[in-house]
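[1] 3D, please:
(one chain, ligands or ions: 1)
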Amino acid sequence: MDQRDKDELKKEILEKVKQYYNVAHKPGQDAEYVRGETKVNYSGRVYDSDELVNLVSSSLDFWLTAGPYASDLQGKLAEFFGVHKAYLVNSGSSANLIIISVLRSKQYRNQLHPGDEVITPAVTFPTTLTPIVQNGLIPVFVDCELATYNIDASQVEAAIGEKTKAIFVPHTLGNPVDLDILQDIADRKRLVLIEDCCDAFGATFDGKPVGSFGVMSSLSFYPAHQMTMGEGGAVIVNEPELARIALSIRDWGRDCWCEPGSNDTCGNRFNFQYGDLPFGDDHKYVYSNLGYNLKVTDMQAAIGVAQFEKINGFVDARRDNFNFYYENLKDLEEFLILPKWSDKANPSWFGFPLTVREGVDFDKLICSLEGVKIETRKVFAGNILKHPGFKGIANRVHGTLENTDIIMNRAFFIGVYPGLKPAMRQFVLERIRAFFGK
Ligand SMILES: Cc1ncc(COP(=O)(O)O)c(C=O)c1O
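    Numbers count the residues shown, from 1 in each chain. Model (predicted):
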């Protein structure tokens, strides 16, 4: 069989894959929405035959490790953010681990040391915090704002101590933090600003994508997020020095930067002295960082390439669903705190958050929604310090965590993902309004 025959056969297979998508996956007429019986998910993957075709095409290539699709997507992400490099990784959690590990690397000119502090909000996702703790750094918790669910930027400067070296903030539920304030503080106080954009892909602040402000930022491509690769994420790196370290930590900690399957990209593979190794030791297997293997397969990246093409449409659909809830719940402010965002922000909503006012029975509201198959979720982990795994970690708390506890006790969100059908959001709206007798 020559190359032409193989190409023809592949084309035929991929044509069949499209047909298969139509019969097996396409959201169909038979998937009718039944109020109270069909689940209204808070999120989920949204895809068509493009993702399936890319996935099968990549599996037929049988590259397996990160390959052409991964390189393609990395390039597209770096361009999207206007940054030096984007590296694909197997999760948003891994992206955060790499970012904090970069700050602790010996190769980083401003290397952080055990006991150095990182300012971060107490309403957070566990794996935004975990790498800080694991790397021997001390989280300094700052309270969050009600309604934006973000770190209270006005308290950050006062939280800085002698050992404070970095600020690591998630853009909660896709709502950008006040980057004017945080960037100004970071510049004046010489702190490293890092953004966790796992929930915020597509959001902008002052017209610029969030994720391009900090020196590094993370993305998650888990199915609940703005785009998915199944499992996956990315590290966005704004500085060449940090990019090299991030790549090393992602790829076992090695010094070499060859792509999988290639050798001697540096042209000096056997020509250098590294540490106490024999002169000329193989550069491919010299380790200059405490690293991991956090790479993706090319099949994951293949799905990501197809999803990336749709990102603007996905984000717009989320904004449209968000606006629908916002406009139609505005008159319930006596019972509910509606979400807020900065004038400069164009959020990429992960969900529609609400906090019930004092006196409203939070549990009853949640049960009334879940009871008719409307999924609800708490905002991140609530107050992360209340979780068993985080009890007793070395930390410092600046001020009080009053709002953090209110968010833990009285806030939740509902879905705005592109898979939400008009009939679903109408039902959700009616149930919330009915709960308040409206
Ligand atoms: C703010 C934030 N950071 C990190 C993560 C971790 O991402 P992953 O689930 O891909 O590990 C998540 C997950 O949703 C998140 O919401």
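[2] drop to CA atoms for contacts and neighbour counts, all remaining ones
    Fine.
[3] Which positions in the stretch 51-200 of the chain make contact with the ligand?
    91-93, 125, 127-128, 170, 196, 198-199 (CA under 6 Å from any ligand atom).
[4] Can you flag which of those residues belong to strands?
    The strands, defined by DSSP state E, take in 170, 196 from these.
[5] Now for the residues of the stretch 51-200 of the chain next to the ligand: which two are most distant?
    Greatest spatial distance in those: Ser91 and Pro170, 15.3 Å, computed using CA to CA.
[6] need the strands for this structure, in chain order.
    Counting by DSSP E, the strands of the chain are 85-89, 117-121, 138-142, 164-170, 192-196, 204-205, 208-209, 216-220, 233-237, 336-337, 345-346, 351-356, 396-397, 411-415.
[7] Identify the residues contacting the third one?
    To tie it back to what came earlier, the one meant is strand 138-142. The contact list for strand 138-142 (CA atoms under 8 Å, 6 or more residues apart in numbering) reads 114-122, 129, 132-133, 151-152, 155-156, 159, 394-401.
[8] For PyMOL, what selects the buried ones among the residues you listed?
    In PyMOL, this line selects whichever of these come out buried by 16 or more other CA atoms under 10 Å:
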select buried, resi 115+116+117+118+119+120+121+122+129+132+133+151+152+156+159+395+397+398+401
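[9] Span of stretch 346-359 from start to end?
    Terminal residues of stretch 346-359 lie 32 Å apart, using CA to CA, to the nearest Å.
[10] Okay, buried residues for it please.
    346-357.
[11] Number of residues surrounding the residue nearest to Leu219 when sequence neighbours are not counted?
    Nearest residue to Leu219, sequence neighbours excluded (CA to CA, 6 or more residues apart in numbering): Cys198, at 4.1 Å. For Cys198, the neighbour count with other CA atoms under 10 Å is 30.
[12] what's the answer for the one 3 residues further on, then?
    Applying other CA under 10 Å, we find 28 other residues in the vicinity of Phe201.
[13] Which residues does the residue in the stretch 201-350 of the chain that the ligand sits nearest to form beta bridges with?
    Checking the stretch 201-350 of the chain residue by residue against the ligand with CA to the nearest ligand atom singles out Ser220 as nearest, at 4.2 Å. Counting by DSSP bridges, Ser220 is bridged to Gly233.
[14] residue closest to the middle of this protein?
    In the chain, the C-alpha nearest the mean C-alpha coordinate belongs to Cys198, at 1.1 Å (CA atoms, centre = their mean).
[15] Tell me if I'm right that that one and Ser91 touch.
    No. Counting by CA atoms under 8 Å, Cys198 does not reach Ser91; the two are 9.4 Å apart.
[16] Report the set of residues contacting both of the two.
    219-221, 233.
[17] Most neighbours among those, which one is it?
    Ser220 (32 neighbours).
[18] Give me the average confidence score over the longest helix that the chain contains.
    Longest helix in the chain, counting residues (DSSP state H): helix 3-24. The predicted model gives helix 3-24 an average pLDDT of 95.
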